[in-house]
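**Q** okay, sequence plus prediction incoming.
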Amino acid sequence: MTAVLETKFVNDIAGKFFVPAYQRGYRWGKVEVNRLLDDVYNLSKYDERRNYCLQPIVVKKLGDDEFELVDGQQRLTTIFLIYKYMFEEGGRFFGEPKFSLDYETRKGSKNFLANVDLDKREDNIDFYFIADAYENIKAWFADNGEISVTMPKIKTLFADNVKIIWYEVDATEDAAAMFTRLNIGKIPLTNSELVKANFLSAESDARRQDEIALQWDNLEKELHNDSLWYFLTNNSTEKYQTRIDLILDLMSSKRLDDKEKYSTFFYFDDLKRQGKDLNSIWQEIVRNFLLLKDWRENHEFYHKIGYLIASGYKNLSDIYAEFHGKTKKKFLARLDELIKASVKLEAGKNYSDWNYNDDAEKIRRLLLLFNVESVRQNGEQSQWFPFDKYKFGDKGKNSWSLEHIHAVNSQDRGNQEQWREWLKLHRASLENFPDENKFLLDEIDKLLAVKDIRGEKFLGLRQKILKKLSPEDISDDVDSIANLALLKCENNSALGNSVFDVKRNEIIELDKNGAFIPFCTKMAFLKYYTKAEKNQIHFWSATDRRAYLGAINRVLKNFLAEPIKEG
């Protein structure tokens, strides 16, 4: 027998369910019971046409209307107790539960479920939780208005709105192993697993089943290429336990704020119920994957779409919606329009008016575009901006931030270790001019020799060092875009609060060791934008800042409403 996958309304659950020994007993408390009833009842307050899913019920068929309950015991037991309460309190109009539960190792639990005797609740732990849940159900109905109104409403919702995903696994499935995966391993069924099972259960040809399964696994494998994955999304794999879910969510138009866990599965299940040809649906999944892969392999699409997603201005669903109904030329034109809108100025403003304290996010987005476009325009398609490294490098999620190229207003907070590191880093820069800076070098050595550095001593010496290593004309531009770059300094506060020369030396070392340095950040610190005859290698001067802004204007001329003022 092949797997069976379908959706059922709660009122249609019927049969005898056998709970095997590998499962623990019923353990839901007041919180879980009330949450289930609240979620169901709240449907009537918002949209009575809306469906709600109570998570999958996984079973293995044993005989006619007899099933081994692999997963879903807690939910199914609670549903049984709700029906039992409504039958006993509301009369025969509500009907007895259409299903029963039996237990391999807890024989008395079946009878206790059928005849909840509160006087016996202390006989064993299973009886206690079952009795407690029954009382919580009773209390919930008492707290939610007239029972004569609430009970019929719950009954109607169970019949017309509230579904379960019925997953009847293949007869050859190792049920105990699957239970371990779903519960002990804490790995829930994903939308993609359910959609895949839907396709396989509808296909009677074993050879065709194998083909679909192989193609499915190949798509999943290709999506594990990080350069493709992180081009398409800003989400880490924590959100997508299987990456093909991204494609399925895209096709189902699932919103980012959709809290219905299995809404994507319901979309494909509805297509099946409408009589749609599953083979055609499968081909559409493949076509959409190939479309996204084509975008990844097209140099212009890759950088423009990649920027829009990485910047957070648009997500993949937005881009996908923009694509439909457009020629390639019109789609590219639309991408350019979106990019322009992402860095659009407010009326009467210039980009040079943006500053680190008030406009950090705007500047970060503009500099990301500067980096992406510089790579796209450089090298005749031989270079590709590494969105995977930008978003999720070796030190964690999206840790690239906006940093001062030359920092002069370093924070006073710090500790002995950070102060010592700062002094050592800046001592190395002062050694470039040993004759001029002998006095400062001696002061640093004396302070480093002290067991405990006093804060005021460090701050006083720091001011002297900053004055010596800072260009005289930096003060007016320190928080402007001319002195900002994308740089990863969050794990080294001494480097983050350092002057240009210190940062430059560190970036060169990082680059030598293979670390990813954003393209334009590297170009700035290596003075590629400044003409050689005007190059002061140890300082970030006004000339450097003007050259930097000039490069931004040249690279982004098609996207900026007006050039950045270069001073």
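**A** Yep, it's here. Numbers count the residues shown, from 1 in each chain.
**Q** how about the residue lying closest to K60 once chain neighbours are set aside, what does it touch?
**A** Spatial nearest neighbour of K60, chain neighbours left out: E68 (4.3 Å); criterion: CB to CB, 6 or more residues apart in numbering. C-betas here are computed from N, CA, C, even on glycine. Contacts here follow CB atoms under 8 Å, 6 or more residues apart in numbering; on that basis E68 touches 17-18, 20, 59-62, 175.
**Q** SS state for E68?
**A** Following DSSP: H, G, I helix; E, B strand; the rest coil, the label given to E68 is strand.
**Q** care to break the chain down by domain?
**A** Following the assignment in automatic domain parsing, the chain carries domains at 4-189, 190-282, 298-342, 346-406+477-567, 409-469.
**Q** could you dump the ones you listed to CSV with distance to N288?
**A** Shown next, in CSV, are the domains of the chain (distance: least, CB to CB, whole Å):
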stretch, distance to N288
domain 4-189, 22
domain 190-282, 6
domain 298-342, 8
domain 346-406+477-567, 20
domain 409-469, 48
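**Q** which residues touch V195?
**A** Going by CB under 8 Å, 6+ apart, V195 touches 248, 264-265, 268.
**Q** the same query, at a cut-off of 6 Å, please.
**A** Contacts here follow CB atoms under 6 Å, 6 or more residues apart in numbering; on that basis V195 touches 248, 265, 268.
**Q** just checking, the first one touches T264?
**A** Yes - counting by CB atoms under 6 Å, T264 is a contact partner of L248 at 5.0 Å.
**Q** hey, what's in contact with both of these two?
**A** With CB under 6 Å, 6+ apart as the test, L248 and T264 both reach N191.
**Q** for stretch 356-375, buried residues please.
**A** For stretch 356-375, a neighbour-count test (16 or more other CB atoms under 10 Å) marks 356, 359, 362-375 as buried.
**Q** from those residues, pick the one nearest K120.
**A** Of all the buried residues of stretch 356-375, R364 has the smallest distance to K120: 64.7 Å, by CB to CB.
**Q** does the closest one touch E403 like I think?
**A** No - R364 is not in contact with E403 according to CB under 6 Å; the separation is 10.2 Å.
**Q** tell me how many other residues crowd Y85.
**A** Y85 has 21 neighbours, counted by other CB atoms under 10 Å.
**Q** mind giving me the packing neighbours of the helix or strand containing it?
**A** For Y85, the element it lies in under DSSP states H and E is helix 73-90. Contact partners of helix 73-90 among helices and strands, from 3 or more CB pairs under 6 Å, 6 or more residues apart in numbering; DSSP states H and E: helix 125-143.
**Q** so which elements touch the next helix or strand after the helix it packs on?
**A** Remark: after helix 125-143, the chain's next helix or strand is helix 147-160, criterion DSSP H and E. Here helix 147-160 touches helix 30-46, going by 3+ CB pairs under 6 Å, 6+ apart.
**Q** for stretch 527-537, how far is the first residue from the last?
**A** 7 Å (CA to CA, to the nearest Å).
**Q** for this protein, longest helix please?
**A** helix 356-377 (DSSP state H).
**Q** wait, D477 touches N483, no?
**A** Yes - D477 lies in contact with N483 (CB under 6 Å); the separation is 5.2 Å.
**Q** what mean pLDDT does the helix or strand hosting R420 get?
**A** Assigned by DSSP H and E, R420 belongs to helix 416-430. Mean pLDDT, helix 416-430: 77.
**Q** repeat that for stretch 335-342.
**A** 96.
**Q** what do you get for stretch 272-288?
**A** Mean predicted confidence for stretch 272-288 is 89.
**Q** residues making contact with that stretch?
**A** Outside stretch 272-288, the residues touching it (CB under 6 Å, 6+ apart) are 199, 202, 247, 271.
**Q** could you do stretch 228-241 as well?
**A** Stretch 228-241 is contacted from outside by 190, 223, 246, 296, 306, 316, 387-388, 391, using CB under 6 Å, 6+ apart.
**Q** run through the stretch 151-300 of the chain and note the low-pLDDT ranges.
**A** In the predicted model, the stretch 151-300 of the chain carries pLDDT under 70 at residues 181-188, 204, 236-238, 256-257, 259.
**Q** send the alpha carbons of stretch 242-257 over as CSV?
**A** The C-alpha trace of stretch 242-257 is given here as CSV (Å, rounded to 0.1, in the frame of the first residue of the first chain):
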residue,chain,number,x,y,z
THR,A,242,13.8,21.9,3.5
ARG,A,243,14.8,24.5,1.0
ILE,A,244,12.3,23.6,-1.7
ASP,A,245,9.7,25.1,0.6
LEU,A,246,10.9,28.5,-0.7
ILE,A,247,9.7,27.5,-4.2
LEU,A,248,6.4,26.1,-2.9
ASP,A,249,5.7,29.2,-0.8
LEU,A,250,6.4,31.4,-3.9
MET,A,251,3.9,29.5,-6.0
SER,A,252,1.2,29.6,-3.2
SER,A,253,1.7,33.4,-2.7
LYS,A,254,2.3,32.7,1.0
ARG,A,255,2.8,36.0,2.8
LEU,A,256,5.7,36.5,5.1
ASP,A,257,3.3,37.3,7.9
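**Q** where along the protein do the strands fall?
**A** Taking DSSP state E, the strands of the chain run over residues 4-9, 15-19, 52-63, 66-71, 99-103, 162-168, 392-393, 396-397, 401-404, 484-487.
**Q** could you measure from the residue most central in space within the chain over to G312?
**A** Centroid-nearest residue in the chain: N235, 3.1 Å away (criterion: CA atoms, centre = their mean). N235 sits at a distance of 12 Å from G312 (criterion: CB to CB, to the nearest Å).
**Q** what's the answer for E260, then?
**A** For E260, the distance to G312 equals 24 Å [CB to CB].
**Q** may I see the buried residues of stretch 418-437?
**A** For stretch 418-437, the neighbour count (16+ other CB under 10 Å) marks 419-423, 425-427, 429-430, 437 as buried.
**Q** same question, stretch 279-295
**A** 281-282, 285, 289, 292-293, 295.
**Q** farthest pair within the contacts of E68?
**A** Across the contacts of E68 (CB to CB), the longest gap, 13.8 Å, separates P20 and K61.
**Q** CA atoms only for stretch 312-324 - export them in CSV, please.
**A** Once non-C-alpha atoms are left out, stretch 312-324 reads as follows in CSV (Å, rounded to 0.1, in the frame of the first residue of the first chain):
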residue,chain,number,x,y,z
GLY,A,312,15.4,44.4,2.2
TYR,A,313,13.6,46.7,-0.2
LYS,A,314,11.8,43.8,-1.9
ASN,A,315,11.5,40.0,-1.3
LEU,A,316,11.5,37.1,-3.8
SER,A,317,7.7,37.1,-3.9
ASP,A,318,7.6,40.8,-4.9
ILE,A,319,10.2,40.1,-7.7
TYR,A,320,8.3,37.0,-8.9
ALA,A,321,5.0,39.0,-9.1
GLU,A,322,6.8,41.8,-11.0
PHE,A,323,8.2,39.3,-13.5
HIS,A,324,4.8,37.9,-14.7
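**Q** where do the helices sit along the stretch 151-300 of the chain?
**A** 175-179, 191-202, 206-223, 226-232, 245-252, 263-273, 278-297, 299-310 (DSSP state H, counting those that start in this stretch).
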